[in-house]
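Engineer: Test case, fold it:
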Amino acid sequence: MKTTDKTSALDLKLSDFLCFAVYSTNLAFGKAYKPMLERLGLTYTQYITLVALWEQDNQTVGSLGEKLFLESNTLTPILKKLEAMGYLLRQRDPEDERQVRISLTDAGRQLRTELTEDGFPQTGLDPDDFVQMQQAIVALRNNLIRNTKAV
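Structural biologist: Numbers count the residues shown, from 1 in each chain. Predicted coordinates for the structure are as follows:
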């Protein structure tokens with residue numbers, strides 16, 4: 001929300017903050033996905049990690065972390081848990097042992113089919129509005145990242 005003077009800035013309510021709208025929407029998405037993911041024993045972060053691997057298998061931890069906006073110290077425990085669950089393998093890259101490569105197992109690939117058959121939470125948006133909303137949120141995220149780096 002834009003304000004024109006100091007008095008109006010002091011009058012802001014929680015519902016006026018875009019950051020709160022995005023935060024609370026994220027919580028709503030978590031609740032919407034929870035039944036599907038609980039049935040499979042996954043957290044949302046584990047799920048999006050698998051989605052990134054379904055999109056491109058055999059990635060390095062670094063490239064996967066960039067896609068997910070996660071640091072390796074946050075991503076590594078997630079990967080260890082998914083490996084223990086039998087969904088992926090972590091192996092040193094034979095050409096550069098400093099790199100760890102992540103690849104899906106057959107069980108990890110099969111999970112994609114199970115999740116697709118389960119369906120996804122509905123947003124209530126028509127297809128055009130859905131695309132427009134997704135693009136606007138990505139633009140907002142990218143602006144925030146760019147403006148944060150400039151500081």
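Engineer: what about the helix or strand hosting R146, average pLDDT?
Structural biologist: If you go by DSSP states H and E, R146 is part of helix 127-150. Here helix 127-150 scores 92 as its mean pLDDT.
Engineer: tell me what it is packed against?
Structural biologist: Applying 3 or more CB pairs under 8 Å, 6 or more residues apart in numbering; DSSP states H and E, one finds that helix 127-150 contacts helix 18-40. Glycine gets a C-beta too; all of them are placed from N, C-alpha and C.
Engineer: Quick check: next helix or strand after the helix it packs on?
Structural biologist: Immediately after helix 18-40, counting by DSSP H and E, sits helix 44-55.
Engineer: can you state the direction angle for that following helix and helix 18-40?
Structural biologist: If you take axes from the mean of the first three to the mean of the last three CA atoms, to 10 degrees, helix 44-55 sits at 80 degrees to helix 18-40.
Engineer: So which bits of helix 44-55 are buried?
Structural biologist: For helix 44-55, burial by neighbour count (16 or more other CB atoms under 10 Å) applies to T45, Q46, Y47, I48, T49, L50, A52, L53.
Engineer: Return the residues in contact with the residue lying closest to the last one once chain neighbours are set aside.
Structural biologist: I take that to be L53. Closest residue to L53 apart from its sequence neighbours, by CB to CB, 6 or more residues apart in numbering: L104 at 5.2 Å. L104 makes contact with L50, L53, W54, D57, Y87, L88, L89, according to CB atoms under 8 Å, 6 or more residues apart in numbering.
Engineer: next one: phi and psi at L104?
Structural biologist: Note on L104: its backbone torsions stand at phi -80, psi 150 [degrees, to the nearest 10].
Engineer: And it, how close does it get to Q56?
Structural biologist: Using CB to CB, to the nearest Å, we find L104 at a distance of 10 Å from Q56.
Engineer: now swap in V100 and tell me
Structural biologist: Using CB to CB, V100 is found at 15 Å from Q56.
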